[in-house]
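3D, please:
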Amino acid sequence: MAGATTMGPAGSGLGSGQVEPRFEELAKLISAKMAEHHIPGVAFAVMKNGEVTTRGFGVTNADNPQPITADTIFPIASISKTVATTAIMNLVNQGRIDLKAPVRRYLPEFRVTDETVSKEVQMWHLLTHTPGWEGQLNTDDRGTESLSVFTSEMKDKPQLAAPGTVWSYNNAGFGIAGRVIEVVSGKNIHEALRELVFNPIGMSRAFSRTGDAMSYRFAAGHRQQDGQTIVPRPFDLPANVTAGGVATTVSELLKYAAFHLNGGNSVIPRALLEQMRTAQLKKNSTDDEMGIGWQLRRINGVMTAAHGGTLGGHCLHLQLVPERNLAFSILTNHGDGWRLIQAVERATLQAYEGLSLAPNQAIGHRGVSEDMTGHAKPLSRQPGLEAYLGTYRRPPVGSVEVQQHEGSLVVINGNNVANGTTLVFYGRDIAYATAGNAYVGTPYEFVRRPDGNVGWIRINGRIAQRSA
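Okay, the predicted model is just below:
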């Protein structure tokens, strides 16, 4: 475990050099969870009242170990979505993008299968995960043409919901937003993010090209296979840069967090950064809300703005608590790192601010997995199951069947009930897995249509539409 670095006001490089006891307790928790979940390396940083403390734990690579430091590069996966939204807010400040304008104002040729949606879907929908189409779509690496080609391939994608009606985690929407950034700025996405975000904030070690990121000390991803911790190969940052293709250090992420907390600058002013953290809609069937780019959650009445990410054997998290002048980041290089992140996130909020989830609080997906069993308990009286039964489709990804089996609700991929996942409800239309193919605690939500009937199932943040 590397030593901690304590700094004064973010960016000053000054401070007492002493680490608070509560940070040390969190460090002990991180070490314990690393051992429990076979996680080779973690970078952790906390900023409270402008003072930043960072610490590296473990190693970058099980095959070629180097110590994790505050300057080790990690891919930040879906935290990149907040970077993309920050870039768009720069263009909003310049008067070049209107969040409520249709996407076609900037991409005249844009279309999906539904022509009405093609004409009316807005930038706002892309940035709030509500365009209504399937979001887990692959983006082929075509170099600087990747986002252009991806956007053109949306033409045959059907709707799962009308824009703005159902929240569903949507990488595809952020890919299209990235193409808008390119067209409006006149630069490829790599140059655009550098000019619109990294340079104004002073993030010198933030990258969106694999070759740049890998030229520094880099935390390789890991996963478990046959009882061994292995490095999946090859590794590339995603071609869908705005959905998940940025890489940086935990120190740079706290500089980024400080920019957002302290109100930005003349390039991206305070009002636009605060708008990003202002609730735009509720994530149907949960208590969580969606900002513009940021995932919002109230804990004991205090608003938090966070984003997680999972990519190629990495799990990552960044969180802001603006009214408490707190920010922290947890970066791991293992596919099971979300389990550590969940424990450390909750312990950090408790240690620094006395905040904790309420029993049975209906939380929503924020870009990284969460286990519901820690704070959610089954209803003593389960609801009638007939309202939820049926086939739910996610074209072009596939479909699931929701059936009743031995008195429980079971979600089935394929035709064999033995391959299903058993659910238990902990509130109205909200459930989690208790057995089966999904990990125990996987969140499931059922979303109702305006007529009151169930219209969608949402599994770990992604919807499927119920067949008529």
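
Now the strand or helix carrying Arg22: buried residues?
According to DSSP states H and E, Arg22 maps onto helix 21-37. Using 16 or more other C-beta atoms under 10 Å as the test for burial, helix 21-37 gives 23, 26-27, 29-30, 33-34, 37. Heads up, the C-betas are built off the backbone N, CA and C, glycines and all.

Please enumerate the helices of the stretch 201-350 of the chain.
In the stretch 201-350 of the chain, the helices defined using DSSP state H, counting those that start in this stretch lie at 210-213, 241-244, 250-262, 270-276, 337-353.

Pull the residues that contact the fourth one.
To tie it back to what came earlier, the one meant is helix 270-276. 82, 85-86, 89, 92-93, 259-260, 263-264, 291-294, 305 (C-beta atoms under 8 Å, 6 or more residues apart in numbering).

Please pick the buried ones from those residues.
82, 85-86, 89, 92-93, 259-260, 264, 291-294, 305.

which among those residues gets closest to Ala327?
Nearest to Ala327 among the buried ones among the contacts of helix 270-276: His260, at 8.0 Å, using C-beta to C-beta.

residue contacts, that closest one?
Neighbour list for His260: 86, 273, 276-277, 320, 327 [criterion: C-beta under 8 Å, 6+ apart].

possible to save these as JSON lines with pLDDT and distance to Gly374?
Shown next, in JSON lines, are the contacts of His260 (pLDDT from 0 to 100; distance: C-beta to C-beta, whole Å):
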{"residue": "Thr86", "pLDDT": "98", "distance to Gly374": "31"}
{"residue": "Leu273", "pLDDT": "97", "distance to Gly374": "31"}
{"residue": "Met276", "pLDDT": "98", "distance to Gly374": "28"}
{"residue": "Arg277", "pLDDT": "98", "distance to Gly374": "25"}
{"residue": "Leu320", "pLDDT": "98", "distance to Gly374": "22"}
{"residue": "Ala327", "pLDDT": "98", "distance to Gly374": "23"}
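
ok so, going back, and Arg366, which of the helices of the stretch 201-350 of the chain is closest to it?
helix 337-353 (9.9 Å).

The most centrally placed residue in the chain and Val440: what is the separation?
In the chain, the C-alpha nearest the mean C-alpha coordinate belongs to Gly367, at 2.4 Å (C-alpha atoms, centre = their mean). For Gly367, the distance to Val440 equals 21 Å [C-beta to C-beta, to the nearest Å].

same check, this time on Val19
Going from Val19 to Val440 by C-beta to C-beta gives 35 Å.

repeat for Arg96
Looking at Arg96 against Val440, where the rule is C-beta to C-beta, the gap reads 47 Å.

what residues are up against Thr144?
188-190.

who's in contact with Thr130?
By C-beta under 8 Å, 6+ apart, the contact set of Thr130 is 163-168, 170, 281, 290.

and these as a markdown table, adding distance to Val197, neighbour count and secondary structure?
Putting those into a markdown table (distance: C-beta to C-beta, whole Å; neighbours: other C-beta atoms under 10 Å; DSSP: H, G, I helix; E, B strand; the rest coil) gives the following:
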| residue | distance to Val197 | neighbour count | secondary structure |
| --- | --- | --- | --- |
| Pro163 | 26 | 22 | coil |
| Gly164 | 26 | 17 | coil |
| Thr165 | 30 | 17 | coil |
| Val166 | 29 | 23 | coil |
| Trp167 | 25 | 27 | coil |
| Ser168 | 26 | 28 | coil |
| Asn170 | 21 | 28 | coil |
| Leu281 | 25 | 17 | strand |
| Met290 | 21 | 20 | strand |
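
Counting neighbours, what do you get for Ser285?
When neighbours are counted by other C-beta atoms under 10 Å, Ser285 registers 24.

Now do the strands in the stretch 351-468 of the chain.
Applying DSSP state E, counting those that start in this stretch to the stretch 351-468 of the chain gives strands spanning 390-394, 398-405, 408-412, 421-427, 430-436, 443-448, 454-459, 462-466.

Could you tell me the angle between the third one and strand 462-466?
Meaning strand 408-412. Here the directions of strand 408-412 and strand 462-466 differ by 100 degrees (axes from the mean of the first three to the mean of the last three C-alpha atoms, to 10 degrees).
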